[in-house]
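1. What would the 3D arrangement of this be:
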Amino acid sequence: METLSSQFKQAITNISVNGDKRERAIAAHTEIRTLLEDDEHLCGLGVDTVLIGSYARKTGIYPGKDVDVFAKLTKLDTGVDPREAFDPVARVLAERYNGRAEAQRRSIKVSFDTDGDGFAVDVVPAVRYGERWALPNRDRDLWEARDERWIETDPERLGELTVARNRAPTVGDGGAYVPTVKLVRQIRKHNLGDAKPGGLYFELLSYWAFEQGVSGDSHAEILAATLGRIATLLGAGIVTDPVLGTPYSPTPDAAELEAARQRFSTIAGEAEAALSLERCPAAAIWRRLLGSNDRGACFPLPEGCDEDGRAIGASAATIAAIGSQEAGGFGRARHA
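-> Numbering: from 1, shown residues only. Okay, the predicted model is just below:
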């Protein structure tokens, strides 16, 4: 079995948010959080900011589209109008960032785009909801409806589940779950593009794949097993939120789910086939499945392999030269 361990290690580095992109993200979310936690009015509402989302869980992929900041207003609960939580946060950000701060349906997006990739910080105001938290409903028309204006959430718990899930299985001295999620997200991005379901949906599919049980001693084996389970789960119905125990929302379109299932069934078959191939054709499959980002191809080819999965290099060149000489000699003999 060819597992291409060094190539997978480099691929994971190539798709991770690191280097300048990571430094930019740290500077941006630190600036936002400091601004919010220093505001006198927000302090009166008990503001407490934490990082959430794929960036916080370390499951996001390069270049990192955004960072999510959860602005918990600990002295408010779902008895208040959502505007009492949303508007004070939006005011602080608008005063500081002017046109760079844009109110979304239930968050405020602040642009930190310095190189044309659209990077932003999304600030999500939240209030207490028992032991959990609540966000304003995406549909602002429902903010007047007392029983529907808030949506229960617990993104910090999803982060805790991610840490726990990453403990086993392992590859080398590290957990396999987080790097597998990043690989799955990159494969989804390359093969589905802007089509739904999105990256979070596939992260949750990966979570349930691991919960059902995937095994292997290498990233190649574990990824192939995960892709196989994802293809099955896509055909089984809507994935469940592991924190709340409720169906994923907003519900993906049935046609989009079926298109994703068909594509990932093919992908899973290719990944499984790669495990039984020699290193060059196996590497060519993984390279094709993972695609590229602006750093180049995500999966590096082993030395002596070309894009089509053929062996190249000194040995191949020698064989080619011998074949050429033999053909030339045979031709001369016939015409002597």
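2. Figure out how far stretch 133-148 is from the centre of its chain.
-> From the chain centre to the centre of stretch 133-148 is a distance of 28 Å (CA atoms, centre = their mean, to the nearest Å).
3. To clarify, my last question referred to stretch 28-43.
-> 27 Å.
4. Any buried residues in that stretch, and which?
-> The neighbour-count check on stretch 28-43 (16 or more other CB atoms under 10 Å) flags A28, H29, I32, R33, L35, L36, D39, L42 as buried. Using the backbone N, CA and C atoms, a C-beta is placed for each residue, glycine as well.
5. Pick out whichever of the residues you listed sits closest to P179.
-> Closest approach to P179 among the buried residues of stretch 28-43 (CB to CB): H29, at 22.8 Å.
6. Let me have the buried residues of stretch 28-43 in JSON lines, extended by pLDDT, secondary structure and distance to L205.
-> JSON lines is the format used below for the buried residues of stretch 28-43 (pLDDT from 0 to 100; DSSP: H, G, I helix; E, B strand; the rest coil; distance: CB to CB, whole Å):
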{"residue": "A28", "pLDDT": "97", "secondary structure": "helix", "distance to L205": "29"}
{"residue": "H29", "pLDDT": "98", "secondary structure": "helix", "distance to L205": "27"}
{"residue": "I32", "pLDDT": "98", "secondary structure": "helix", "distance to L205": "30"}
{"residue": "R33", "pLDDT": "98", "secondary structure": "helix", "distance to L205": "31"}
{"residue": "L35", "pLDDT": "98", "secondary structure": "helix", "distance to L205": "36"}
{"residue": "L36", "pLDDT": "98", "secondary structure": "helix", "distance to L205": "33"}
{"residue": "D39", "pLDDT": "98", "secondary structure": "coil", "distance to L205": "39"}
{"residue": "L42", "pLDDT": "98", "secondary structure": "helix", "distance to L205": "37"}
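7. Next, format the residues you listed as a markdown table and append distance to G99.
-> Output for these, formatted as a markdown table (distance: CB to CB, whole Å):
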| residue | distance to G99 |
| --- | --- |
| A28 | 16 |
| H29 | 20 |
| I32 | 16 |
| R33 | 21 |
| L35 | 16 |
| L36 | 19 |
| D39 | 20 |
| L42 | 22 |
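8. show me where this protein has strands.
-> Assigned by DSSP state E, the strands in the chain fall at 47-52, 66-77, 101-103, 108-111, 120-129, 132-136, 150-153, 170-171, 174-175, 292-293, 296-297.
9. okay, the ones you listed, which one's buried deepest?
-> Of all those, strand 120-129 has the most neighbours on average by mean count of other CB atoms under 10 Å, namely a mean of 23.
10. what mean pLDDT does it have?
-> Computed over strand 120-129, the mean pLDDT rounds to 98.
11. hmm, who's touching it?
-> The contact list for strand 120-129 (CB atoms under 8 Å, 6 or more residues apart in numbering) reads 28-29, 32, 36, 52-53, 65-74, 76-78, 80, 85-86, 89, 93, 104, 106-113, 133-136, 150, 152-153.
12. Relative to M1, which of the buried residues of stretch 28-43 is nearest.
-> H29 (41.5 Å).
13. ok, what's across the strand from the closest residue to that closest one other than its chain neighbours?
-> Once flanking residues are discounted, H29 sits nearest to V67: 4.7 Å by CB to CB, 6 or more residues apart in numbering. V67 has these beta-bridge partners by DSSP bridges: V121.
14. T240 now?
-> P247.
15. next one: T170
-> G175.
16. In this structure it contacts V178, no?
-> No: counting by CB atoms under 8 Å, V178 is not a contact partner of T170; they are 11.1 Å apart.
17. Contact partners for the residue nearest to H29?
-> V67 is in contact with A25, A28, H29, L51, G53, Y55, A56, V121, D122, counting by CB under 8 Å, 6+ apart.
18. before we move on, what about P252?
-> Going by CB under 8 Å, 6+ apart, the list of residues near P252 reads K196, P197, Y201, I238.
19. The same query, at a cut-off of 7 Å, please.
-> Under the criterion of CB atoms under 7 Å, 6 or more residues apart in numbering, the neighbours of P252 are K196, P197, Y201.
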